[in-house]
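Enquirer: Sharing a model prediction with you, sequence too.
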Amino acid sequence: MSEVETRAPGLPWETLSHRQVLAELIGAGWLVSGAGDWAIGLRSPDGSLVARVCPFDPAYAAFVELCRECAGNPWLPKVVKAADLEGGGSVAFLEYVAPVERALAEQIAEQWRGAEGGVGDAEFEDVRRAAGKIDAEHRETTPWWDGFDFNASHIRRAADGRLVLIDIFCMDGASLYGAILADVCEVHRRIPRERMRYALEIPFIARESSAVEIRALNGAWTRSA
């Protein structure tokens, strides 16, 4: 791990927004490799790492917690660095993991959802047990928590050939953003504004929302300023 740690940039993360982090990484030669619902992924110049840069996603802290609690478990990616950003965003640097064939990914996802797992792998069960405890904790502490988001896209393959689980927790985004439209002040009573300053900048909104929907969200947001 030490040889890849040197490739994670050293920046004053807590003072930077996700916008600044994206600019810094792109300027250093990292390439945008994709966008999910909540975050943008960039791949390091040598291809060994991925940076997940997120404007807002409380669920991702739970996944980092899982990776740290189960450090060394082959079913989880190696996390080189994870840090909170200004305004409630986050950045994480992980080993690069590639997509796998859909049939295999769906098989693993089904085994995760099964009562006993079914892969015949003690380390897989260790991850399931730890994830269950983290899920239970966040159901009590994280507003709009939605538990597991486990489907075929969340099974990947590391460079050494092992199967890896990624990003297996999620927020109830539809309810959260509906609540912003209905009563943004109540949202900020549950999640302080400074912890979700860039909540309207997640990729899903830019990709899926109509201009009317974006204007409505912006209008609701400014009412709480």
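Expert: Received, thanks.
Enquirer: And the protein, what are its domain boundaries?
Expert: 2-96, 102-171, 173-222 (automatic domain parsing).
Enquirer: Quote the end-to-end distance of the second one.
Expert: Start-to-end span of domain 102-171 (CA to CA, to the nearest Å) is 24 Å.
Enquirer: sorry, back to before: tell me which of the domains of the chain sits most buried.
Expert: domain 2-96 (a mean of 18; mean count of other CB atoms under 10 Å). Bear in mind the C-beta positions are built from the backbone N, C-alpha and C, glycine included.
Enquirer: Quick one: low-confidence residue ranges for this structure.
Expert: When residues are selected by pLDDT under 70, those of the chain lie in 1-7, 115-120, 225.
Enquirer: which residues in it form helices?
Expert: Secondary structure of the chain (DSSP state H): helices at 2-5, 18-27, 58-69, 102-113, 122-141, 173-190, 203-208, 211-222.
Enquirer: Would you mind saying which of those lies nearest Y96?
Expert: Proximity to Y96 (CB to CB) singles out helix 2-5 among those, at 10.0 Å.
Enquirer: List the contacts of the most centrally placed residue in the chain.
Expert: Per CA atoms, centre = their mean, the C-alpha nearest to the average position across the chain is that of Y60, at 3.9 Å. When contacts are counted by CB atoms under 8 Å, 6 or more residues apart in numbering, Y60 touches W38, A39, R52, C54, S90, A92, D167, F169.
Enquirer: As CSV, those with distance to A131 would be great.
Expert: CSV is the format used below for the contacts of Y60 (distance: CB to CB, whole Å):
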residue, distance to A131
W38, 18
A39, 19
R52, 18
C54, 20
S90, 19
A92, 17
D167, 12
F169, 8
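Enquirer: of all the residues you listed, which comes closest to L66?
Expert: F169 (7.8 Å).
Enquirer: The closest one contacts P58, doesn't it?
Expert: No: the pair F169 / P58 is not scored as a contact, 9.3 Å apart, by CB atoms under 8 Å.
Enquirer: Run the chain-centre distance for stretch 96-104.
Expert: Mean-position distance between stretch 96-104 and its chain equals 18 Å (CA atoms, centre = their mean, to the nearest Å).
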